[in-house]
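Q: Provided below are the primary sequence and the corresponding predicted coordinates.
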Amino acid sequence: MSPAREALEKSAAVSRKGRDARETGERMWPVLPTHVQLWLQVSFLILAGLIMIYSSSSTMALQRYGDSAYFLKRQMIWVFLGVGMMIVFSRIPYEKYKAWMGPLLLASLAALILVLIPSIGTEVNNARRWFRLGSFQLQPAEYAKVVWIIYLSASISKKQDRIDQFSVGYLPHVALCGIFSALLLQQPDFGMTVIVAFMTAVMLLAGGVPFLYLFSAVPIAAVAAYKFVYLVGYRWERVTAFLDPWTDHLASGYQLIQAWIAVGSGGLWGKGLGAGHQKLGYLPEAHTDFILAVIGEEMGFVGLVFICLAFLLLFHTGMTISRNAPDFMGSLMALGLTLLLTVQALINMGVVLGLFPTKGLTLPFVSYGGSAFTANCLAAGILLNIARRGGRAK
């Protein structure tokens, strides 16, 4: 027997042994379908969010509104709407978005323009990002970023045979991303702009656009960062506060220091649910952007680990859905939506722990807020549909 033939037979034997081991393992430990895994992971995060929203906001809600469950009740409304959206979108075949892409994209751009008009958009803390609907507010940018990922998936898959051409695969997508980014910066919403730009780069690279084209945008990004970060006082203060919050511990560094105190004082097991101190007027945005700090104080390092593991599992499940998707569009869409949820979670955690400059990004499914929550549920619903079409995890 020739050495090549012998090596080939050995390789086949190893493959058969590995396959048999996997099949035996699956019989002993059944692997849940990816859509079930995703449901469980999202449900855990939503439940954890409801518990911590009540814990972190009850004292403030009682003082302001005379009802300790004020924010919990409002979030329950969003949970009802969000889960309903997730169920509906999990039943819509994702291929249909190809036909709807034009109207959806135009509607998103129109909403981002309309929200900037003073008589239509609502201004809060020098930012004009919301439409007011009665006692609720709706942030169109949260839904626009989901539409943007759907558009990129449909467009890149449609142009796959010419995706390596500069004028086809790169220029139109980057130009449209520039329009989206310009509208977001007018609100201003720098954090959302960074997310949209990052997602565009990753999806173009995954779609086959040459890296050299993407690298050519670095000088433009550097100029934009100089103009919109360094030359904008409060944003640059956030950067300097991130590097050394103690230099301005009563202003730009205050929130980060309070978050550190919360996380550090929680220790391994935490002070106990509801027993945290930093939420009692010391930590701003305790039930929204900085809810992770309250989790760290009341549930300790163990609680933080559980939240981190939930997002790691969500990332793994999303990547599995992308790998098993029936076509290239579904694979790209699953990749983009998974990164949208998990990268935002990573940034939020990094901000709370002092690894990134402060940005106005919530912790998906956990933080208080309606627009972000329902938009995340929309993304999860589309992921569920792709998962069902792709079958079981492999």
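A: Structure's in. What do you need? Residues are numbered from 1 along each chain as shown.

Q: Show the contacting residues for the closest residue to residue 158 other than its chain neighbours.
A: Spatially, and ignoring its direct neighbours in sequence, residue 158 is nearest to residue 98 (7.6 Å; C-beta to C-beta, 6 or more residues apart in numbering). No exception for glycine: its C-beta is placed from N, CA and C like everyone else's. Contacts here follow C-beta atoms under 8 Å, 6 or more residues apart in numbering; on that basis residue 98 touches 154, 158, 329.

Q: ok, now residue 60?
A: By C-beta under 8 Å, 6+ apart, the neighbours of residue 60 are 279, 281, 286-287.

Q: Name the weakest-confidence residue in the residues you listed, if you would.
A: For the contacts of residue 60, the weakest pLDDT value sits at residue 281, with 84.

Q: Confirm that one sits in a strand?
A: No: counting by DSSP: H, G, I helix; E, B strand; the rest coil, residue 281 is not part of a strand but coil.

Q: Now tell me what touches the strand ranked longest in the chain from outside.
A: If you go by DSSP state E, the chain has its longest strand at strand 127-133. For strand 127-133, contacts defined as C-beta under 8 Å, 6+ apart pick out 111, 114-116, 118, 120-122, 124, 137-141, 187-189, 371.

Q: you'd agree residue 334 is up against residue 383?
A: Yes: if you go by C-beta atoms under 8 Å, residue 334 and residue 383 touch, sitting 6.0 Å apart.

Q: who touches both of those two?
A: 318, 321.

Q: which one among the contacts of residue 98 gets closest to residue 241?
A: Top of the list for closeness to residue 241, among the contacts of residue 98 and by C-beta to C-beta, is residue 154 at 40.5 Å.

Q: Quick check, central residue of this structure?
A: With distances taken as C-alpha atoms, centre = their mean, residue 341 lies nearest the centre of the chain, 2.6 Å away.

Q: State the three-state secondary structure for the residue nearest to residue 158.
A: Per three-state DSSP, residue 98 ends up helix.

Q: For this protein, which segments count as strands?
A: 121-124, 127-133, 136-138.

Q: got these as JSON lines, with mean neighbour count, distance to residue 212 and mean pLDDT columns?
A: Converted to JSON lines, these look like this (neighbours: other C-beta atoms under 10 Å; distance: least, C-beta to C-beta, whole Å; pLDDT from 0 to 100):
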{"stretch": "strand 121-124", "mean neighbour count": "15", "distance to residue 212": "39", "mean pLDDT": "82"}
{"stretch": "strand 127-133", "mean neighbour count": "16", "distance to residue 212": "35", "mean pLDDT": "84"}
{"stretch": "strand 136-138", "mean neighbour count": "15", "distance to residue 212": "40", "mean pLDDT": "85"}
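
Q: out of the ones you listed, nearest to residue 76?
A: strand 136-138 (12.9 Å).

Q: Could you list which residues are in contact with the closest residue to residue 111 other than its chain neighbours?
A: Sequence neighbours aside, residue 140 is the residue nearest to residue 111 in space, at 3.7 Å (criterion: C-beta to C-beta, 6+ apart). Applying C-beta under 8 Å, 6+ apart to residue 140 gives the contacts 108, 111-112, 114-115, 129, 131, 371.

Q: what about 10 Å?
A: 107-115, 121, 129-131, 147, 183, 187, 371, 375 (C-beta atoms under 10 Å, 6 or more residues apart in numbering).

Q: hmm, back to that, wait, the residue nearest to the centre of the chain sits on residue 313?
A: No: with contacts counted by C-beta atoms under 10 Å, residue 341 stays clear of residue 313, the gap being 11.8 Å.

Q: Residue 362 is in contact with residue 75, correct?
A: No: assessed by C-beta under 10 Å, residue 75 is found out of contact with residue 362, at 11.8 Å.

Q: what residues are shared contacts of the two?
A: Common neighbours of residue 75 and residue 362 (C-beta under 10 Å, 6+ apart) are 49, 368-369, 373.

Q: before we move on, back to that, look up the closest residue to the residue nearest to the centre of the chain, ignoring the ones flanking it.
A: Nearest to residue 341 is residue 364, by C-beta to C-beta, 6+ apart, at 5.0 Å.

Q: how near is the one you found to residue 93?
A: 25 Å (C-beta to C-beta, to the nearest Å).

Q: quick one: which of these two has more around it?
A: residue 364 (26 against 11; other C-beta atoms under 10 Å).

Q: can you tell me how far the more buried one sits from residue 358?
A: 18 Å.

Q: distance between stretch 307-321 and the chain's centre?
A: 12 Å (C-alpha atoms, centre = their mean, to the nearest Å).
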